[in-house]
Structure formats: structure tokens, C-alpha cells
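Visitor: What shape does this take:
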Amino acid sequence: MTQAAWRVVFPADYFTARQPDEAFADQAEMFAALGWGVSTFAFDADRRFRPALEPGETVLYRGWMLTGDAYSEVDEAVTAAGATLATSPSAYLAAHHIPNWVPLLEALTPETVCFSDLTGLEGQLAGLGWDAFFVKDYVKSLKTGDGSVITRPEQIGELMSRMEQFRGQIEGGVCVRRFEALEPGTETRYFVRDGHAFAADGRALPDIVLTVAGRISSPFFSVDVARRADGMWRVVEIGDGQVSDLVGWTAEQFSAVWADAQPA
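Guide: Predicted coordinates for the structure are as follows:
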């Protein structure tokens, strides 16, 4: 198959369904310049692809974070059109949900304990004996108010209430990470496609990123690393690449990730 067999799908603009949401306009232009087909998908309307997908195409979704169920619905729509989503639903969750990737990176990332049963969390945290806790659901932390760091187990109830208030839901469960002091300004995002890691500015890749590139069972994911106060590099986050923002990247730099990509 040729490069033209690739298609990228963006969330549709609310007012003009044939146009990508303006947040992705520069990326849509970039992929079009690579020779890819570009379509939109109206999540809250008729759930149509515009233009329609072509049978045999390999499809990259590029847009907002989706729950596992919502992503499976996109996969079903792509399959019904005779095309193939590049990242399967299971591969999506392999990078999107913390409990799926933390066990693969135990020595490289802060100690993490995940809870699907949210009863008795205060007692569970007290049993860990940590000085501070970084709390998030299976996907995201709370970035408003006082943030997601607590120093006493009895603070977990209030934090959970704020997470539900500002996030709308607790996705999957709760993951508690042992707090580590990181050097300000050192957190950097990398992307990994088919086991090959990419840096925004083409600089040499840290060893920790090269190690991670071979451990996650997803064809496309992001890796955020930062330097700890003692100088050691740590994995801060893994994310599905399709729903990871271009933090520290331009659309032009992002094009290098896809310049030589071959469709399935």
C-alpha cells in the first residue's frame, strides 16, 4: 500500500462538521501536506466521517481523550467503513490507563498503587506510609485548585470530590503515586511510533526513553520524562499518542514522526 492509504480523523468543528476543530487545524494542514487523507468525525451529532473513509485505509485518530467505550465506538465505525484503526482499543488502553503501563516500568517511574474499589481509601493510603501522595484517576490528575498532591491520607475524600466536580467523573479508578520532587522545567514529551522514539527538536534521546520505547504494546504513544532532584530521569507519564497534546512540539516537528510511516 502507498502513503495515500493513510487517513487521519479529527473531531469535527461544532459549527462546520467538514472542518476539524480549530485546535487541530495546523495538524490537519500538516497531514494533508504529507499526502494523507483528512476527515472529521462528529461525536455529538450524526457520527459520520466527512469525507467518508475509503475501504482498505489505515486510520489514525487525532483528537480529544476518549473513554475506552467511546474509543471502541470509533473503532467500530472505522471497521464498518472497511478501514482499520491503527491503534486497536486494547492498544489504546495499554498506554491510556495507568494500571496497564506502570507494571512494565516499575524501576523507571514513581511507586504506584491503583484502586478499582474506592471504599476505604483513607485507610489504604495510611497503610502505605508515604510522606506525600500524587493522586489521579486511571488517566488524569487534577490541575485546578490545590492540584493532586496531598500529604495526609484524610485529605483523599476532599480531593476525590474535587476531581469529580472538575473532571465530571472518575475514570476507571484511582492511582496513587509516591511523590517525588522533580526539577522544574525538565519535563519533556517524546513520541514513540512503532518502537521508534522521536524528540521535538531532533536532539539525542535519553536512555530512559529508548528503554520505554520497547516496553509498551501500543503502535503510537507519548512519553513524558523529567529529572528528579537527585539527577535521575524518571517517567512521569505514558499516554496514547493519538490523544496526547503537542506539548513542546509544533505541527511541523510532529510531521517528522509520520514522514516515513507505512500503513497496515
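Visitor: show me where the chain has strands.
Guide: With strands called from DSSP state E, the chain shows them at 6-11, 37-41, 49-50, 58-61, 84-85, 112-115, 133-137, 149-150, 174-178, 188-193, 196-198, 220-227, 233-240.
Visitor: Can you list the helices and strands that the last one packs against?
Guide: This points to strand 233-240. helix 89-96, helix 207-213, strand 220-227 (3 or more C-beta pairs under 8 Å, 6 or more residues apart in numbering; DSSP states H and E). C-betas here are computed from N, CA, C, even on glycine.
Visitor: So what are the sheet partners of that strand and their directions?
Guide: Using DSSP bridges, the strands paired with strand 233-240 are strand 220-227 (antiparallel).
Visitor: Give me the contacts around the partner strand.
Guide: Residues outside strand 220-227 that contact it (C-beta atoms under 8 Å, 6 or more residues apart in numbering) are 60, 86-87, 94-95, 182-183, 186-194, 197, 206, 208-209, 212-213, 233-242, 244, 247.
Visitor: How about stretch 108-115?
Guide: Stretch 108-115 has contacts (C-beta under 8 Å, 6+ apart) with 98-99, 102, 121, 124, 128, 134, 138, 173-180, 208, 211-212, 234-236.
Visitor: ends of that stretch, how far apart?
Guide: One end of stretch 108-115 to the other measures 21 Å (C-alpha to C-alpha, to the nearest Å).
Visitor: ok, and for it, which residues are buried?
Guide: Neighbour-count burial for stretch 108-115 flags 108-110, 112-115 (criterion: 16 or more other C-beta atoms under 10 Å).
Visitor: coming back round to it: and the strands of the chain as a markdown table, adding distance to residue 76 and mean pLDDT?
Guide: Shown next, in a markdown table, are the strands of the chain (distance: least, C-beta to C-beta, whole Å; pLDDT from 0 to 100):
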| stretch | distance to residue 76 | mean pLDDT |
| --- | --- | --- |
| strand 6-11 | 14 | 98 |
| strand 37-41 | 12 | 97 |
| strand 49-50 | 12 | 96 |
| strand 58-61 | 12 | 98 |
| strand 84-85 | 9 | 97 |
| strand 112-115 | 28 | 96 |
| strand 133-137 | 25 | 93 |
| strand 149-150 | 39 | 92 |
| strand 174-178 | 28 | 95 |
| strand 188-193 | 24 | 98 |
| strand 196-198 | 29 | 98 |
| strand 220-227 | 20 | 98 |
| strand 233-240 | 18 | 97 |
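Visitor: For residue 150, grab the count of nearby residues.
Guide: Residue 150 has 19 neighbours, counted by other C-beta atoms under 10 Å.
Visitor: Go ahead and confirm it touches residue 160.
Guide: No. Using C-beta atoms under 8 Å, residue 150 is not in contact with residue 160; the gap is 10.3 Å.
Visitor: any shared contact partners between these two?
Guide: In contact with both residue 150 and residue 160: residue 135, using C-beta under 8 Å, 6+ apart.
Visitor: picking that back up, how about the helices and strands packed on strand 233-240 in TSV, adding mean neighbour count and distance to residue 201?
Guide: Converted to TSV, the helices and strands packed on strand 233-240 look like this (neighbours: other C-beta atoms under 10 Å; distance: least, C-beta to C-beta, whole Å):
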stretch	mean neighbour count	distance to residue 201
helix 89-96	22	23
helix 207-213	17	14
strand 220-227	22	15
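Visitor: Looking at those, spot the one closest to residue 17.
Guide: Residue 17 sits nearest to helix 89-96 of all those, at 24.0 Å, using C-beta to C-beta.
Visitor: Which of the contacts of strand 220-227 are buried, as a ChimeraX select command?
Guide: Filtering the contacts of strand 220-227 down to the buried ones (16+ other C-beta under 10 Å) takes a single ChimeraX command:
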select :60,86,87,94,95,182,187,188,189,190,191,192,193,197,206,208,209,212,213,233,234,235,236,237,238,239,240,241,242,244
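Visitor: Cool, thanks, signing off.
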